[in-house]
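In: Please work out how this folds:
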Amino acid sequence: EVHVVESGGGLVQAGGSLRLSCKASAFTFDDIAVGWSRQAPGKEREGVSCISSSDGTTSYADSVKGRFTISRDNAKNAVYLQMNSLKPEDTAVYYCAVGFFSCSDYPWLGSWGQGTQVTVSS
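Out: Got it, this is the predicted structure:
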């Protein structure tokens with residue numbers, strides 16, 4: 001059974017930074033794709049960023065380009081989402097998905113965590 005855990009969320013002021021972590025059991029991280037999505041109250045879940053398994057290609061939603069950076073640490077079996085210059089509209093529950101999917105095929109068919117809350121105050 002795959003167990004995916006997100007961490008690193010919290011409350012931050014606009015302009016601040018947070019780093020989210022995603023760890024999963026039963027996978028070797030360099031073999032899989034990992035994606036981050038988010039869901040704000042009353043809104044649909046949207047893909048935020050993804051890192052592919054093949055060559056580590058990264059992708060970002062237009063709303064976070066230049067502010068968020070996704071990276072992986074295969075030795076720690078972890079993927080991180082560094083979020084800088086946070087805005088109140090970034091407030092959402094952030095979810096991590098891991099699996100054998102293509103980053104371009106959203107919604108990703110993988111294993112999902114329970115999410116971590118990010119709240120950005122103005």
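
In: For the rest of this, base every contact and every neighbour count on C-alpha atoms.
Out: OK.

In: In contact with the most centrally placed residue in the chain, which residues?
Out: Compute the mean C-alpha point of the chain, and by CA atoms, centre = their mean the closest residue is Trp36, 2.5 Å away. Trp36 makes contacts with Gly47, Val48, Ser49, Cys50, Leu81, Tyr94, Tyr95, Cys96, Ala97, as judged by CA atoms under 8 Å, 6 or more residues apart in numbering.

In: can you give me the strands for this protein?
Out: For the chain, applying DSSP state E gives strands covering 4-7, 10-13, 18-24, 33-39, 46-51, 58-60, 68-73, 78-83, 92-99, 111-112, 116-121.

In: Can I get those in TSV including mean pLDDT and distance to Asp105?
Out: TSV is the format used below for the strands of the chain (pLDDT from 0 to 100; distance: least, CA to CA, whole Å):
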stretch	mean pLDDT	distance to Asp105
strand 4-7	96	20
strand 10-13	98	29
strand 18-24	96	20
strand 33-39	97	11
strand 46-51	97	10
strand 58-60	97	12
strand 68-73	95	18
strand 78-83	96	19
strand 92-99	96	12
strand 111-112	94	14
strand 116-121	98	23
